[in-house]
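A.B. asks: Next come a sequence and a model predicted from it.
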Amino acid sequence: MGADTDRTADPINVLFVDDDRQWARLVAEDIEAEADAITVTVAGSATECLEIFQDRDDIDCILADYQMPGTDGLELLEQIREEYPRLPFLLVTSQGSERVAARATDAGVTDYLIKTVGGEQAPQFVTKIERAVAHYRLQRAIEESEQRYRTVTEQSRDGIAIVQNGQLRFCNERLIELTGRERPTLQDGDVVAEVVHREDRDQVRTVVDSWLEGDEPSPLHETRIVRPSGTVRHCEFTGGRIDYEGEAAVLLSIRDVTERNRRERELQWERELNRTMQKALVESRTRETLERTVTDQLQRHGYALAWIGERAGSKLVPRVVGGDRRYVDAIDLSLDDGRPDGKPSLEAIRTGDPQFQQRLGDRPSDWCAIAAGYNYRSGGAIPLVYNDVSYGALTVYHGQPDHFDETERRLLTELADTVAFAIHSLETQDALAADQAVDVS
């Protein structure tokens, strides 16, 4: 029978092992006549097979008799599998029993054929050889493609993730670094629930679902990633739908823009702050005017409440309040008991150090419950000190939790230093201009 014109034209090299060398050669000739692309080399024993196999690197499939003296077909399979676990290996046997089939399957045989005498077996041999080799080559192509893909993604500066059915199927090393988690904790888990800030999760899921449904990738989206330590990384992400292992998935590219945002916010802060403080220093004739300018600027920057208080005996007394004063009037600002209660303003006065509370809603204190009633989610206070003289504390509250990142804390501390110096300057001017003695404590 001539070769089937529909069969693949890619050459296939088969190594056929059978102690009945004459029968094996006849079968080999029939196979080659059936399929022009197949070339069969005959070996008379397992030992000869291994020798040929070691000398050649173009063998695509091994066809081996089950019953051979010395090393039989399954024993040969075990030796081949040690180094080539996926190479197609077809077992030829005259024993078509379930026991033989079970042993062959357990040993990792690709397929097996029943040997018949005098029958026309070439088409069956060719079909199983071609099927096994085609599957083997496809698997190799997929693995090589994945390896190339992994190589590209690992060189990317962005975190790369493939999300399928809500679960993480693949990620590169950059994403592991970005999230601060071990790969086993992310793989096949709900990556959005695991790493995305809880206030951003619904938005991220909506965007990912839209891409999964086939929507065109939209411009960059922003989100926050929370590390196990509690630190927050600000990120931009984009993506689109792909096919992954035969099913729809979404490929995400995630870039950490925390430092870029920090620098931009820092520059904006400093520009606004410089203008405000220069104007305040030039135009303010009283401490109260200066403090009012500062609290107004903080409200424009996004703080729900900003106030400056000064110690008077055993209490912290509010001097200027920018925002709803009811919260300040509702909390106890006594300092005499010496018991830390977590209020940023009191702790800043007691310790002389900046104090920040990132999640007021997670604290059981009464004052936190009051703050939550006014939708304050995080708060901080910085002592106003110049030349070891305390002028009170600057306190701010924000409507978002985790607001005080490293940049915000630094800028607020620098602002407090400037305010303390300005207060000192104004009070020094007042003292020099006074026509009577001034007491300084």
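C.D. replies: Received the coordinates, thanks.

A.B. asks: Which element is encountered next along the chain beyond the lowest-mean-pLDDT helix or strand in the chain?
C.D. replies: Lowest by mean pLDDT, DSSP states H and E among the helices and strands of the chain is helix 98-107, with a mean of 73. Where DSSP states H and E defines the elements, the next helix or strand beyond helix 98-107 is strand 111-114.

A.B. asks: So what's the residue count around Q278?
C.D. replies: Q278 sits with 10 neighbouring residues when counted by other Cβ atoms under 10 Å. For every residue, glycine as well, the C-beta is placed using N, CA and C.

A.B. asks: Relative to E288, how far out is it?
C.D. replies: Computed as Cβ to Cβ, to the nearest Å, the Q278 to E288 distance reads 19 Å.

A.B. asks: if we can go back for a sec, can you spell out which helices and strands pack onto the least confident helix or strand of the chain?
C.D. replies: helix 73-83, strand 89-93, strand 111-114 (3 or more Cβ pairs under 8 Å, 6 or more residues apart in numbering; DSSP states H and E).

A.B. asks: who wins for proximity to G180 among these?
C.D. replies: G180 lies closest, by Cβ to Cβ, to one member of the helices and strands packed on helix 98-107: helix 73-83, at 39.3 Å.

A.B. asks: Need the residues that contact the closest one.
C.D. replies: If you take Cβ atoms under 8 Å, 6 or more residues apart in numbering as the criterion, helix 73-83 is touched by 17, 46, 49-50, 53, 62, 64-68, 71, 87, 89, 91-93, 103-104, 107-109.

A.B. asks: What of stretch 267-286?
C.D. replies: In contact with stretch 267-286 (Cβ under 8 Å, 6+ apart) are residues 289-290, 293-294, 297, 300-301, 411, 414-415, 418, 422, 425-426.

A.B. asks: part of a helix, is I31?
C.D. replies: Yes - under DSSP: H, G, I helix; E, B strand; the rest coil, I31 sits within a helix.

A.B. asks: What about it, how many residues nearby?
C.D. replies: Quick note: I31 (other Cβ under 10 Å) scores 22 neighbours.

A.B. asks: OK, contacts around it?
C.D. replies: Counted by Cβ under 8 Å, 6+ apart, I31 has contacts 14, 38, 40, 122, 125-126, 129.

A.B. asks: Mark which of those residues are buried, thanks.
C.D. replies: Neighbour-count burial (16 or more other Cβ atoms under 10 Å) is assigned, among the contacts of I31, to 14, 38, 40, 122, 125-126, 129.

A.B. asks: For R265, state which of the residues you listed is nearest.
C.D. replies: For those, the nearest to R265 is I129 (65.9 Å; Cβ to Cβ).

A.B. asks: excluding its backbone neighbours, what's nearest that closest one?
C.D. replies: Spatially, and ignoring its direct neighbours in sequence, I129 is nearest to C61 (5.6 Å; Cβ to Cβ, 6 or more residues apart in numbering).

A.B. asks: Mind listing the residues bridging to that neighbour?
C.D. replies: Counting by DSSP bridges, C61 is bridged to V14.

A.B. asks: That one and I38, how far apart?
C.D. replies: 9 Å.

A.B. asks: swap in T295?
C.D. replies: Using Cβ to Cβ, T295 is found at 86 Å from I38.

A.B. asks: now I308
C.D. replies: I308 is 89 Å from I38, where distance means Cβ to Cβ.

A.B. asks: where in the stretch 1-150 of the chain is pLDDT low?
C.D. replies: 1-9, 95-98, 101, 117-119, 142-150 (pLDDT under 70).

A.B. asks: before we move on, the earlier item: generate a PyMOL selection restricted to the buried subset of the contacts of stretch 267-286.
C.D. replies: Per 16+ other Cβ under 10 Å, the buried members of the contacts of stretch 267-286 correspond to this PyMOL selection:
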select buried, resi 290+293+294+297+301+411+415+418+422+426
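
A.B. asks: And the pLDDT at the spatially most central residue of the chain?
C.D. replies: Geometric centre of the chain, nearest residue: L175, 3.8 Å, by Cα atoms, centre = their mean. We have a pLDDT of 90 for L175.

A.B. asks: Could I get the contacting residues of it?
C.D. replies: Contacts for L175 (Cβ under 8 Å, 6+ apart) come out as 159-161, 186, 254.

A.B. asks: swap the cut-off to 7 Å and go again
C.D. replies: Neighbouring residues of L175 by Cβ atoms under 7 Å, 6 or more residues apart in numbering: 159-161, 254.

A.B. asks: Likewise for I162?
C.D. replies: 169-170, 244, 249, 251.

A.B. asks: same question, L290
C.D. replies: Counting by Cβ under 7 Å, 6+ apart, L290 has contacts 280, 284, 422-423, 426.
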